[in-house]
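Peer 1: missing the sequence, but the structure's below:
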């Protein structure tokens with residue numbers, strides 16, 4: 001613990017060196033980061049010297065395959081996980097604007113690109129600008145060009161500013177994001193949500209110290225860092241695994257923000273559902289008692305979820321009974337957790353009994369409930385039983401979700417994987433980029449790199465364009481399987497597509513290029529087998545020599 005505390009202090013010191021300007025008065029912030037207009041023109045001008053594809057960087061979004069959680073980029077129903085803007089009547093100008101943006105990306109200057117947009121005859125509206133920024137969110141330069149064009153014609157409202165801050169934060173363009181926040185402040189628009197968004201994006205970028213300091217910077221923008229802002233900070237930190245920092249901040253600020261069950265529940269959620277650390281979850285549970293905080297229904301829900309995920313049936317049921325005795329009505333999340341752990345522990349009949357209890361309590365099983373049964377069955381390669389559950393699910397008029405299909409991917413081989421992917425396409429539920437990340441990892445874990453390469457080829461058939469996370473998964477998997485020649489080829493392809501170098505991969509691939517004439521280098525199993533064969537041959541030769549010596 002002493003070493004962890006020291007590391008955190010060093011990280012904070014480093015962050016303070018890199019983040020001094022945000023503590024200044026808002027009017028001086030932009031000048032220290034460079035003025036917004038100069039900064040924006042500089043970054044945007046760079047876009048026109050590169051192809052629009054080069055701008056694709058890995059967004060700060062990760063996915064987790066869990067039946068008990070959503071597969072969306074940050075797996076939780078979170079207020080800053082943007083969804084497509086609600087447009088009842090799509091703007092008929094949108095396709096033309098998207099096409100034009102991709103074309104002007106190749107122009108030599110921003111002024112030329114803007115002139116082309118102005119001459120297109122397309123009329124800027126706030127809805128159109130927001131929709132186009134969303135559609136171009138993976139290409140931040142083009143999204144930013146659309147934003148600037150909308151701003152020029154007075155069609156950039158608070159929503160488009162906030163969405164653009166989120167997009168820039170996804171691509172680690174924080175200086176530009178701060179320029180937009182400064183503009184919101186200068187135009188007397190509400191900066192509160194934009195500040196929450198950038199706190200969340202710093203946490204997603206594994207920079208918890210800057211996220212914390214941004215919270216303290218809110219006063220400089222005439223905003224009170226109140227209870228809501230503090231809870232937002234804690235949630236952002238926990239959501240991306242910085243749970244120790246969140247807990248420390250909560251305890252340090254207990255005089256300003258009194259300790260309560262809601263705050264501890266945020267920390268519990270981090271240990272129970274993000275990192276799934278039972279030891280730490282139990283410790284926080286004890287801490288609540290130490291501070292005279294009585295657990296509420298949410299506290300029990302998180303703990304039951306944690307115990308179920310690690311297969312602890314006894315404690316899951318114990319807390320379920322305790323929860324009811326204390327007067328807390330279990331919600332559907334609790335029943336889903338119990339269904340999962342019972343199925344996982346081969347208690348399928350008892351899992352069905354839990355479904356009956358749910359209905360008696362006035363709750364209807366949903367898709368997530370049945371997914372909680374399908375997932376452990378598929379993991380145990382009981383695919384037929386899982387299909388029976390799927391049939392029951394359909395009889396209840398519940399449609400399979402993307403998580404349903406992802407669950408089936410656990411229990412099938414190569415041909416079965418293709419079948420599931422085809423079903424997903426027919427059902428218009430993907431497959432998505434996250435699906436292929438999982439499938440690639442699955443085949444590398446099964447030591448089947450040849451099937452991983454076949455799946456890579458299938459991505460085009462399913463109209464999924466690989467991003468840097470796909471290339472990293474493929475190259476790392478090939479290298480760990482001993483296929484260094486292919487790994488280097490795909491790494492070169494990744495670089496040629498404009499993705500940044502990955503230091504970890506670069507180090508792996510810098511190993512001596514032996515056997516360069518062969519198609520691939522032998523994997524660890526083949527090398528071990530070869531050594532065993534040579535050792536056996538050596539013993540055989542020694543036995544022959546010994547026999548010959550005895551004959552003499």
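Peer 2: Nice, thanks for sending it over. Please read these numbers as outputs of a predicted model, since none were measured by experiment.
Peer 1: for residue 446, grab phi and psi.
Peer 2: Dihedral pair for residue 446: phi -80, psi 0, per degrees, to the nearest 10.
Peer 1: and it, what pLDDT?
Peer 2: Listed pLDDT for residue 446 reads 94.
Peer 1: could you chop this structure up by domain?
Peer 2: 259-354, 423-501 (the TED database).
Peer 1: okay if I get the ones you listed as a markdown table plus mean neighbour count?
Peer 2: For glycine as for every other residue, the C-beta is placed from the backbone atoms N, C-alpha and C. A markdown table is the format used below for the domains of the chain (neighbours: other Cβ atoms under 10 Å):
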| stretch | mean neighbour count |
| --- | --- |
| domain 259-354 | 19 |
| domain 423-501 | 18 |
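Peer 1: closest one to residue 175 among these?
Peer 2: Taking Cβ to Cβ, domain 423-501 is the member of these nearest to residue 175, at 17.5 Å.
Peer 1: output the contacting helices and strands for the helix or strand hosting residue 284.
Peer 2: Following DSSP states H and E, one finds residue 284 within helix 278-290. Here helix 278-290 touches helix 261-269, helix 297-309, going by 3 or more Cβ pairs under 8 Å, 6 or more residues apart in numbering; DSSP states H and E.
Peer 1: picking up where we left off before, mind telling me which of the domains of the chain the model trusts least?
Peer 2: Across the domains of the chain, the lowest-scoring stretch is domain 423-501, with a mean of 93.
Peer 1: still on that earlier bit, relative to residue 469, which of the helices and strands packed on helix 278-290 is closest?
Peer 2: Proximity to residue 469 (Cβ to Cβ) singles out helix 297-309 among the helices and strands packed on helix 278-290, at 24.1 Å.
Peer 1: what helices or strands is that closest one leaning on?
Peer 2: helix 261-269, helix 278-290, helix 313-325, helix 332-344.
Peer 1: so can I have a markdown table of those helices showing distance to residue 122?
Peer 2: Listed next are the helices and strands packed on helix 297-309 as a markdown table, based on distance: least, Cβ to Cβ, whole Å:
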| stretch | distance to residue 122 |
| --- | --- |
| helix 261-269 | 44 |
| helix 278-290 | 53 |
| helix 313-325 | 57 |
| helix 332-344 | 46 |
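Peer 1: do you know which of those lies nearest residue 454?
Peer 2: helix 332-344 (30.7 Å).
Peer 1: and the contacts of that closest one?
Peer 2: Helix 332-344 is touched from outside by 67-68, 300-301, 304-305, 307-309, 311-313, 316-317, 320, 323, 348, 350-351, 354-355, 357-358, 363, 365-366, 368-369, 372-373, 375-377, 379, with contacts defined as Cβ atoms under 8 Å, 6 or more residues apart in numbering.
Peer 1: now with 6 Å, please.
Peer 2: With Cβ atoms under 6 Å, 6 or more residues apart in numbering as the test, helix 332-344 has contacts from 301, 304-305, 308, 311, 313, 316, 350-351, 354, 358, 363, 368-369, 372-373, 376.
Peer 1: beyond that helix, next helix or strand please.
Peer 2: By DSSP H and E, the next helix or strand past helix 332-344 is helix 348-360.
Peer 1: what residues does whichever helix or strand comes after that next one touch?
Peer 2: Moving toward the C-terminus from helix 348-360, the next helix or strand (DSSP H and E) is helix 367-379. Residues from elsewhere that reach helix 367-379 (Cβ under 6 Å, 6+ apart): 67, 336, 339-340, 343-344, 351, 385-386, 389, 393, 398, 401, 403-404, 407-408, 410-411.
Peer 1: kindly recompute the last result at 7 Å.
Peer 2: 67-68, 335-336, 339-340, 343-344, 351, 385-386, 389-390, 393, 398-399, 401, 403-404, 407-408, 410-411 (Cβ atoms under 7 Å, 6 or more residues apart in numbering).
Peer 1: what segments of the chain are strands?
Peer 2: For the chain, strands defined by DSSP state E do not occur.
Peer 1: re earlier: the helix holding residue 284 versus helix 313-325: what angle between them?
Peer 2: Using axes from the mean of the first three to the mean of the last three Cα atoms, to 10 degrees, the direction of helix 278-290 lies 30 degrees away from that of helix 313-325.
Peer 1: contacts for helix 278-290, please.
Peer 2: Here helix 278-290 has contacts from 264, 267, 268, 271, 272, 295, 303, 306, 307, 310, using Cβ under 7 Å, 6+ apart.
Peer 1: one more time with 8 Å, if that's ok
Peer 2: By Cβ under 8 Å, 6+ apart, helix 278-290 touches 243, 247, 261, 264, 267-268, 271-272, 294-295, 299, 302-303, 306-307, 310, 312.
Peer 1: do stretch 92-107 as well
Peer 2: Stretch 92-107 is contacted from outside by 47-48, 51-52, 112-113, 116-117, 120, 122-123, 128, 131-132, 135-136, 139, 141-142, 145-146, using Cβ under 8 Å, 6+ apart.
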